[in-house]
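Student: quick one: sequence plus predicted model below, questions after.
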Amino acid sequence: MRAFFWLLLFISFPSFCQYESPENAEIFEYMQLKANDDTASVSVGTVSQGRLKHGKLIPFFGPNFQYFDRDSYLAGRAFLNGALKNTLLDSYDSLFQVFPARLFRIMECSNEEGGELFPHRTHQNGMSVDLMMPLIQNNEPYYGLDDLGAEHYGLSFDDQGRYDKDERITIDFNLVALELLIIDYFAKRNGIRLSKVIIKIELKDELFATPFGQVLKGQKIYVVQGLSPIINELHDDHFHLDFEFPYPTKAPEKHVK
Ligand SMILES: [Zn+2]
């Protein structure tokens, strides 16, 4: 019976078993050390000038997702406002129901207490996250570029979303659009709002041309209209999301007569 259980686990969660290795003991220890408390997170200020109180650490991996870089994780750059963390976990859980074999990568989040996260201009109050572009080759998921760690940010894709060193490898735009739709849905369920999507401007046509992209086009999700050349070039291997609380999080000032 016990062997059957492990067999089931192995079949269901190949990504999980893959990371049950001694070299990841440090990751497990870190996750334990930073185990989230129950105190609600507080995001102070804005994504570009802010702080985070009671930040929550995103798990290093789940059944269908993994954080992209050990060093970044252990350096404390994978914290989020709890509402955003829950939004992502709900979203990946939902994606797992639809595409159980598809793996996703979460990239940089925020420092435990927010503030500057060099070289990012935002990611300051736990309400920003970078997500790796899912890739395909011959209509099959492609993971050959997923283990580059921080170097992944330096990858380049052309204006049609083809990898510049091998154009058979392309961005799965339909899946990106679906991810955005699902994340937007669960953001609302968790009391926050997906306020901005940053993606290389030249890739927007490809994104909106897909079946889920067509649906995305009809939603009130703000996808950037223009970016400086440097910021634009950076957002081809990943897309960046900003969130906000749709309502004031503080009670209104008492009316003074
Ligand atoms: Zn970012």
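Tutor: Happy to help now that I have it. Residues are numbered from 1 along each chain as shown.

Student: per-residue pLDDT, residue 39?
Tutor: Note on residue 39: pLDDT of 94.

Student: for it, helix, strand, or coil?
Tutor: coil (DSSP: H, G, I helix; E, B strand; the rest coil).

Student: contacting residues for the closest residue to it other than its chain neighbours?
Tutor: Nearest in space to residue 39, with sequence neighbours left out and distances taken as C-beta to C-beta, 6 or more residues apart in numbering, is residue 54 at 4.5 Å. For every residue, glycine as well, the C-beta is placed using N, CA and C. Shown in contact with residue 54 (C-beta atoms under 8 Å, 6 or more residues apart in numbering): 37, 39, 40, 41, 42, 82.

Student: go again with 7 Å.
Tutor: 37, 39, 40, 41, 42 (C-beta atoms under 7 Å, 6 or more residues apart in numbering).

Student: quick check: phi and psi on it?
Tutor: phi 50, psi 50 (degrees, to the nearest 10).

Student: how close does it sit to residue 195?
Tutor: As judged by C-beta to C-beta, to the nearest Å, residue 54 and residue 195 stand 21 Å apart.

Student: send me the one helix or strand residue 188 maps to as PDB with only the CA atoms.
Tutor: Residue 188 is located in helix 173-189, with elements delineated by DSSP states H and E. Only the C-alpha atoms of helix 173-189 are listed here, as PDB (Å, rounded to 0.1, in the frame of the first residue of the first chain):
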ATOM      1  CA  PHE A 173       1.200  33.000 -26.400                       C
ATOM      2  CA  ASN A 174      -2.200  31.200 -26.000                       C
ATOM      3  CA  LEU A 175      -1.000  29.900 -22.700                       C
ATOM      4  CA  VAL A 176       0.300  33.300 -21.600                       C
ATOM      5  CA  ALA A 177      -3.200  34.700 -22.300                       C
ATOM      6  CA  LEU A 178      -4.800  31.900 -20.400                       C
ATOM      7  CA  GLU A 179      -2.500  32.500 -17.400                       C
ATOM      8  CA  LEU A 180      -3.400  36.200 -17.400                       C
ATOM      9  CA  LEU A 181      -7.100  35.400 -17.500                       C
ATOM     10  CA  ILE A 182      -6.800  33.000 -14.600                       C
ATOM     11  CA  ILE A 183      -4.600  35.200 -12.600                       C
ATOM     12  CA  ASP A 184      -6.900  38.100 -13.100                       C
ATOM     13  CA  TYR A 185      -9.800  36.000 -11.900                       C
ATOM     14  CA  PHE A 186      -8.100  34.700  -8.800                       C
ATOM     15  CA  ALA A 187      -6.700  38.200  -8.000                       C
ATOM     16  CA  LYS A 188     -10.300  39.400  -7.700                       C
ATOM     17  CA  ARG A 189     -11.200  36.400  -5.500                       C
END
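
Student: pull out the buried residues from it.
Tutor: Going by neighbour count (16 or more other C-beta atoms under 10 Å), the buried part of helix 173-189 is 173-187.

Student: one more: stretch 220-230?
Tutor: 221, 223, 224.

Student: got the contact list for residue 107?
Tutor: Shown in contact with residue 107 (C-beta under 7 Å, 6+ apart): 68, 130, 131, 132, 238.

Student: what separation do you get for it and residue 168?
Tutor: Counting by C-beta to C-beta, the gap from residue 107 to residue 168 is 23 Å.

Student: now do residue 116
Tutor: Distance of residue 116 to residue 168, given as C-beta to C-beta: 39 Å.

Student: and these two? which has more neighbours close in?
Tutor: A count of neighbours by other C-beta atoms under 10 Å puts residue 116 above the other of residue 116 and residue 168, at 13 against 10.

Student: name the nearest residue to the more buried one, ignoring sequence neighbours.
Tutor: Closest residue in space to residue 116, ignoring its immediate chain neighbours: residue 124 at 6.6 Å, by C-beta to C-beta, 6+ apart.
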